[in-house]
Every structure is written in C-alpha cells, then in structure tokens.
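Novice: my questions concern the predicted model and sequence given below.
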Amino acid sequence: MTARETGASGFGGDAAAWAAREAAQAAAYDGMGEEYDKAFPHKDGQIRCGEWLRERLRPGARVIDLGCGTGLPTARQLADAGFEVTGVDISPVMCELARRNVPEARIVEGELFDALDGEVRYDAAVAFFALLNLPRAMMPDALERIRLALEPGGLFSLSMVEADVDDLPISFLGQEIRVTGYFRDELRALIEAAGFVIEEERALSYAPATTQAQPEIQLFLNCRRAD
C-alpha cells in the first residue's frame, strides 16, 4: 500500500480529501520555511536524542529522519556522526533547505512514509514532531510501518507535544496546520503496543521565541524495536 493509500484509508477512505489535507499541510510548512528554526532556536531534546543514537550506532549506520524539516539540527547532527542519512518531508521548501543544510544526506520530497517502501531496512529512525501531523486513526499503521522499516533491534527516537487533540486545526507561525497529541501515558502505551521498548523518556517545557506559537510540553522517547 502506498503512503497516499494508507493516508486515505485512515481518513475515512476518502482519497481526495486526504490529498487535499496533505497539500494544505505542505503549503503551510512551505510558508513557514526558515521561520520555523527561528521560532524554535533551542532544540535540546532533539540533540539529546541524537547523542543517544550516536552512542549506540556504528559508523555508517542507516538512519531515516521522518519529517526532516530544514535538516537542522537532526539530519545535520546524524550526518556529522558519520551515519548514512535519508530525510523525508512533505514540504518542497523544507526539502530544499534540508538539501542546502545537509548536502550529503538523501532528501526525499513526499508524504511521511514515502521513503518506507520495504526495500531498505534502517538501523534507526527519528520522527521529531512529525507524527503529530497525522490523525490518531493512522498512528498504529504509521508506527507499524516504522517498525517494519527497522532492522531487528533497530532504534527509534520520536517527539510529540503533550496534548489531548486529534487532527485539530490550529494557527501556527502564521499558517493553519492540523495536529494530533497525546498525554504521556497514552503516548507510552501507543508506542509499546506498536512493538517498541522505551529505553529513555524526557518531558521538557518549551517556550517558542515568537508569539505565533504557544508554550508547550515536549515529550521525547528513545526506543528499540522489541524483536
């Protein structure tokens, strides 16, 4: 099943509605561009997760960055650690920025799971504030795709914003996007049910450097494929 077919199946089976939703999401992130990094200049949680991966992966390990954005800091940090990095993002503008910031990485423009085609296995995957762009109905399949794309025992680092919302439209950096969140106990249960062991967990309070985004609690989980 393609990424678009998967999206439509988790969106009431309406392929046209899903395509329109994703086009709007892509346009919103195009509109943010470099402003995203300016609004969120301190990314200690992501950097710590990158260090966790660096301590556990061999040089040359294959890592996929789902929702890579501008490539900063994560794809850049992973490439500097000597890993073979693939980044995927729905926004053409974000992809262009990522190619500029991390020229040695392979950057794929497309829906979140276009690079999870079953032909390549990765040693690790990261999804920092990427899964929050999906409706809750899609989360189990999304996590299953990630698990199957990993080598046995592969690593998975992710982050979400703690909130009890499902595909909620919000104003964010002057754009409208749709977001999903969980309370931390729910998120933990979701990840474990998907076949991951949580090895490290952190919750950070974050205040963006702009009034166009609200303060938030960011949840970071470092996990391992259970088998």
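Specialist: Thanks, I have it.

Novice: same for the helix or strand containing residue 97, what does it pack against?
Specialist: For residue 97, the host element (DSSP states H and E) is helix 92-101. Counting contacts by 3 or more C-beta pairs under 8 Å, 6 or more residues apart in numbering; DSSP states H and E, helix 92-101 packs against helix 15-32, helix 74-80, strand 84-89, strand 106-109. C-beta: built from backbone N, CA, C; applies to glycine.

Novice: average pLDDT for that helix?
Specialist: Across helix 92-101, pLDDT averages out at 98.

Novice: related to what we said a few turns ago, tabulate the helices and strands packed on helix 92-101 (CSV), appending distance to residue 148 and mean pLDDT.
Specialist: As requested, the helices and strands packed on helix 92-101 are exported to CSV (distance: least, C-beta to C-beta, whole Å; pLDDT from 0 to 100):
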stretch, distance to residue 148, mean pLDDT
helix 15-32, 22, 95
helix 74-80, 21, 98
strand 84-89, 16, 97
strand 106-109, 18, 96
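
Novice: buried stuff in the helix holding residue 97?
Specialist: Residues 93-99, 101 are the ones in helix 92-101 that count as buried (16 or more other C-beta atoms under 10 Å).

Novice: and it with strand 84-89, angle?
Specialist: Angle between the axes of helix 92-101 and strand 84-89 is 160 degrees (criterion: axes from the mean of the first three to the mean of the last three C-alpha atoms, to 10 degrees).

Novice: how far away from the center of its chain is helix 92-101?
Specialist: Computed by C-alpha atoms, centre = their mean, to the nearest Å, the separation of helix 92-101 from the middle of its chain amounts to 16 Å.

Novice: helices of this structure, start to end?
Specialist: 3-9, 15-32, 35-39, 44-56, 74-80, 92-101, 139-149, 184-193 (DSSP state H).

Novice: that older thread, show me which of the buried residues of helix 92-101 is closest to residue 226.
Specialist: residue 98 (30.5 Å; C-beta to C-beta).

Novice: helices and strands of the protein: which one has the lowest mean pLDDT?
Specialist: Every helix and strand of the chain was ranked by mean pLDDT, DSSP states H and E. The lowest is helix 3-9, at a mean of 55.

Novice: let me know the closest of the buried residues of helix 92-101 to residue 64.
Specialist: When the buried residues of helix 92-101 are compared against residue 64 (criterion: C-beta to C-beta), the nearest one is residue 98, at 12.9 Å.

Novice: so who does residue 48 touch?
Specialist: 202, 220 (C-beta atoms under 8 Å, 6 or more residues apart in numbering).

Novice: hmm, 10 Å instead?
Specialist: When contacts are counted by C-beta atoms under 10 Å, 6 or more residues apart in numbering, residue 48 touches 157, 200, 202, 204, 220, 222.

Novice: pretty sure residue 174 is touching residue 31, no?
Specialist: Yes. Between residue 174 and residue 31 there is a contact under C-beta atoms under 10 Å: 6.8 Å.
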